[in-house]
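1. Fold the following and give me the result.
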Amino acid sequence: MKNNRNFVIGISLLIIGVIGLSALSGMRPAMGGMMAGGPMMMDRTGMKEMMKNMMGEQLPPGISPEKLPDPQSTGAHLLAQYCTQCHALPGPGLHTAEEWPSVVDRMNRRMRMMSGMMHGISAPSDSELKTLVTYLQQHAQKPMDKSKYTDLNTPAGKSFQAICSQCHALPDL
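-> Numbering: from 1, shown residues only. Alright, predicted model coming up:
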């Protein structure tokens, strides 16, 4: 009986190992060749592909630079320069003015960390960060005044709020 138990445990561990190795080998293309002989080496294309694979449909689709508000401004150029290193270009209306500082701070910490490990990833200077946050707040999403919309108390309205507010404030259309 004890021999059978050890045999079953051994086979189970073997199966788990094979599944683990299969998963690891399947990750190599998703990682974009990041571990090519030593330090992490990844370009912007590899980073975008990795982010897409990791985040799936959670990343916003992005917009083209000419559709940004005030597209020739320094803020719009900084948004395109830094944010598109890892994902598609977000529009300033993706978050409210209140939300943008913490989003930019989180993304800046990631850029600073990655800039030392990956080719083509750089982080903005402090003055560029201020310009970027000012631009994003100036053109940010205006949150909905929920008191104006009584239908938000209906089952459909509650579903709308629950789903949409997971990623952003409800927009004032």
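2. how about low-confidence regions in the chain?
-> Residues of the chain meeting the criterion pLDDT under 70: 1-48, 51-52, 54-60, 172-173.
3. can I see the domain layout of this structure?
-> Listed by automatic domain parsing, the domain ranges of the chain are 1-30, 44-141, 146-173.
4. Dump these to TSV, plus mean neighbour count.
-> Just so you know, the C-beta spots here come from the backbone N, C-alpha and C atoms, and that holds for glycine as well. Output for the domains of the chain, formatted as TSV (neighbours: other CB atoms under 10 Å):
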stretch	mean neighbour count
domain 1-30	10
domain 44-141	16
domain 146-173	11
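5. So residue 151 sits against residue 157, correct?
-> Yes - assessed by CB atoms under 8 Å, residue 151 is found in contact with residue 157 at 4.9 Å.
6. Apart from its chain neighbours, what residue comes closest to residue 100?
-> Residue nearest to residue 100 in three dimensions, not counting chain neighbours: residue 136, with 4.3 Å by CB to CB, 6 or more residues apart in numbering.
7. Does the one you found lie in a helix or a strand, and which?
-> Using DSSP states H and E, residue 136 sits in helix 126-138.
8. any idea which helix or strand comes after that helix?
-> helix 155-164.
9. okay, stretch 76-84 in CSV with CA atoms only?
-> Written as CSV, here are the backbone C-alpha positions of stretch 76-84 (Å, rounded to 0.1, in the frame of the first residue of the first chain):
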residue,chain,number,x,y,z
ALA,A,76,0.7,65.8,-25.8
HIS,A,77,4.2,65.1,-27.1
LEU,A,78,5.4,63.9,-23.7
LEU,A,79,2.3,61.7,-23.4
ALA,A,80,3.1,60.1,-26.8
GLN,A,81,6.8,59.9,-26.0
TYR,A,82,6.6,58.1,-22.6
CYS,A,83,3.3,56.3,-22.4
THR,A,84,3.7,54.5,-25.7
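10. In three-state terms, label residue 104 for me.
-> At residue 104 the chain is in helix, as set by DSSP: H, G, I helix; E, B strand; the rest coil.
11. ok, now the one 4 residues further on?
-> For residue 108, the secondary-structure state derived from three-state DSSP is helix.
12. which helices and strands does the helix holding residue 136 pack with?
-> Secondary-structure packing of helix 126-138 (3 or more CB pairs under 8 Å, 6 or more residues apart in numbering; DSSP states H and E): helix 74-83, helix 100-115.
13. list the contacts for residue 112?
-> residue 123 (CB atoms under 8 Å, 6 or more residues apart in numbering).
14. one more time with 10 Å
-> Applying CB atoms under 10 Å, 6 or more residues apart in numbering, we find residue 112 in contact with 121-124.
15. In strands, which of the residues you listed appear?
-> When DSSP state E is applied, the contacts of residue 112 are split such that none fall in strands.
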